[in-house]
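Chemist: Give the three-dimensional model of this entry:
(one chain, ligands or ions: 3)
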Amino acid sequence: MLMTGTMLMTEERRRAIWAIYVWCRRTDELVDGPNANYITPTALDRWEKRLEDLFAGRPYDMLDAALSDTISRFPIDIQPFRDMIEGMRSDLRKARYKNFDELYMYCYYVAGTVGLMSVPVMGIAPESKATTESVYSAALALGIANQLTNILRDVGEDARRGRVYLPQDELAQAGLSDEDIFYGVVTNRWRNFMKQQIKRARMFFEEAERGVTELSQASRWPVWASLLLYRQILDEIEANDYNNFTRRAYVGKGKKLLALPVAYGKSLLLPVSLRNSQT
Ligand SMILES: CC(C)=CCC/C(C)=C/CC/C(C)=C/CC/C(C)=C/[C@@H]1[C@@H](COP(=O)(O)OP(=O)(O)O)[C@]1(C)CC/C=C(\C)CC/C=C(\C)CCC=C(C)C
Ligand SMILES: Nc1ncnc2c1ncn2[C@@H]1O[C@H](COP(=O)(O)OP(=O)(O)OP(=O)(O)O)[C@@H](O)[C@H]1O
Ligand SMILES: [Mn+2]
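Modeler: Ligands and ions are numbered 1, 2, ... in the order given. This is a model prediction of the structure:
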């Protein structure tokens, strides 16, 4: 669902985002894929060495070469890619999160980085009056929002793999514990807890919205589409009465299609930074 938006992009940008997506997917598969149990930190070190090589113009295979080509066309920095690998290292050794600060750092490493990788390809509108760092922080916010949504959608799935990404202190404050998650029954305590988690995820989507309007015209529609589609997963969790233990929230084809014209309308909005200066 993430990549629906890319169909609305110009050819060059779509190829660039696909090259980044493929690298991110392969990185994620190292710790999330079929042979994840055999992955060791040294495998991640080897993957990082391959990253350095492809950034130096020495790609290992065709898929790495696509990313080498992309970084020769767009001013993409290597650091977010290194940070994502660091996030996968932590996923190998860490299966609990004490508080939101720890969870935020994890979301930065595995998803905020995707936002930072994508901005140079999306491009900032030449007429935008926004600061570059404000656009990057909005991109970061979209990554965080997506990851928080992904965590809330996959609570049952992750618990079955022994992973609880939800902040332990907030679970305790809500009178909940890991056992409640493994038991997987929706209670009022769970509903109240989930309402807070969803509210916070939506706050990050709101921060991201302020940055989408500052992107180049041709990139605004696909990013709006991706933002709206992913955020709708939160609505589906609510529609499932917060049963993210045994039901996987997903956005139906009809609603996915409906998001496209809505995203198009939003992509026509003036950049927020221009609206302010015109008032
Ligand atoms: C148009 C558009 C959004 C392009 C997508 C950009 C891209 C390269 C996405 C790569 C996503 C990926 C595979 C990352 C690897 C780690 C991972 C799995 C991250 C989670 C993604 C969802 O994957 P999935 O649902 O398959 O998860 P499971 O493995 O099944 O559990 C994440 C939730 C994070 C994804 C983060 C983003 C898509 C951030 C995109 C941000 C931008 C494009 C910045 C836009 C700019 C502004 C100013 C807002
Ligand atoms: N019922 C399910 N239980 C566990 N994993 C699932 C389930 N359905 C899909 N997945 C996994 O989630 C990923 C994609 O899920 P799906 O295609 O349903 O939409 P999505 O996750 O919202 O899309 P995207 O992952 O691109 O955001 C795939 O890795 C797929 O293997
Ligand atoms: Mn998925």
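Chemist: gap between residue 122 and residue 198?
Modeler: 27 Å (CB to CB, to the nearest Å). Every C-beta, even on glycine, is put in place using the N, C-alpha and C of the backbone.
Chemist: what about stretch 134-154, near ligand 1?
Modeler: Yes. Shown here: stretch 134-154 in contact with ligand 1 (CB under 6 Å from any ligand atom) through 135, 138, 139, 142, 143, 146, 147, 150, 154.
Chemist: what helix or strand is the residue nearest to the fourth one when sequence neighbours are not counted on?
Modeler: So that's residue 142. Computed as CB to CB, 6 or more residues apart in numbering, the closest residue to residue 142 that is not its neighbour in sequence is residue 208, at 3.6 Å. Using DSSP states H and E, residue 208 sits in helix 188-212.
Chemist: quick one: is the following helix or strand past that helix near ligand 2?
Modeler: Once helix 188-212 ends, the next helix or strand along the chain (criterion: DSSP H and E) is helix 217-239. No. Residues of helix 217-239 are not located near ligand 2 by CB under 6 Å from any ligand atom, the shortest gap being 6.5 Å.
Chemist: what's the angle between helix 217-239 and helix 188-212?
Modeler: Per axes from the mean of the first three to the mean of the last three CA atoms, to 10 degrees, the angle that helix 217-239 makes with helix 188-212 is 170 degrees.
Chemist: Against which helices or strands is whichever helix or strand comes after helix 217-239 packed?
Modeler: Downstream of helix 217-239, the first helix or strand assigned by DSSP H and E is helix 253-267. Packing partners of helix 253-267 (3 or more CB pairs under 8 Å, 6 or more residues apart in numbering; DSSP states H and E): helix 217-239.
Chemist: which parts of the stretch 1-150 of the chain sit against ligand 1?
Modeler: Within the stretch 1-150 of the chain, the positions near ligand 1 by CB under 6 Å from any ligand atom are 2, 5-6, 17, 20-21, 24-25, 28, 32, 110-111, 114-115, 118-119, 122, 135, 138-139, 142-143, 146-147, 150.
Chemist: one more time with 8 Å, if that's ok
Modeler: Neighbours of ligand 1 within the stretch 1-150 of the chain, by CB under 8 Å from any ligand atom: 1-3, 5-6, 9, 17-18, 20-21, 24-25, 27-28, 32, 84, 87, 110-112, 114-115, 117-119, 122, 135-136, 138-139, 141-143, 146-147, 149-150.
Chemist: so residue 121 sits in a helix?
Modeler: Yes. With DSSP: H, G, I helix; E, B strand; the rest coil as the criterion, residue 121 is assigned to a helix.
Chemist: tell me the contacts of whichever residue of the chain sits closest to ligand 2?
Modeler: At 3.4 Å from ligand 2, residue 1 is the closest residue in the chain, using CB to the nearest ligand atom. The contact partners of residue 1, by CB atoms under 8 Å, 6 or more residues apart in numbering, come to 229, 230, 250, 251, 256.
Chemist: near ligand 1 too, which of those?
Modeler: Among those, the ones lying near ligand 1 by CB under 8 Å from any ligand atom are residue 230.
Chemist: Can I have the buried ones of the contacts of residue 1 as a PyMOL selection?
Modeler: Only the buried entries of those go into this PyMOL selection, using 16 or more other CB atoms under 10 Å:
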select buried, resi 229+230+251+256
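Chemist: Return the member of the contacts of residue 1 nearest to residue 159.
Modeler: Each of the contacts of residue 1 was checked against residue 159 using CB to CB; the closest is residue 250, at 18.3 Å.
Chemist: Report how many residues lie close to the nearest residue to the closest one once chain neighbours are set aside.
Modeler: The shortest distance from residue 250 to any non-neighbouring residue, by CB to CB, 6+ apart, is to residue 236 (6.4 Å). By the criterion of other CB atoms under 10 Å, residue 236 has 17 neighbours.
Chemist: swap in residue 42?
Modeler: The number of residues packed around residue 42, counting by other CB under 10 Å, is 8.
Chemist: quick one: secondary structure of it?
Modeler: Classification of residue 42 by three-state DSSP places it in helix.
Chemist: From ligand 1, how far off is it?
Modeler: Using CB to the nearest ligand atom, to the nearest Å, one obtains 21 Å as the distance from residue 42 to ligand 1.
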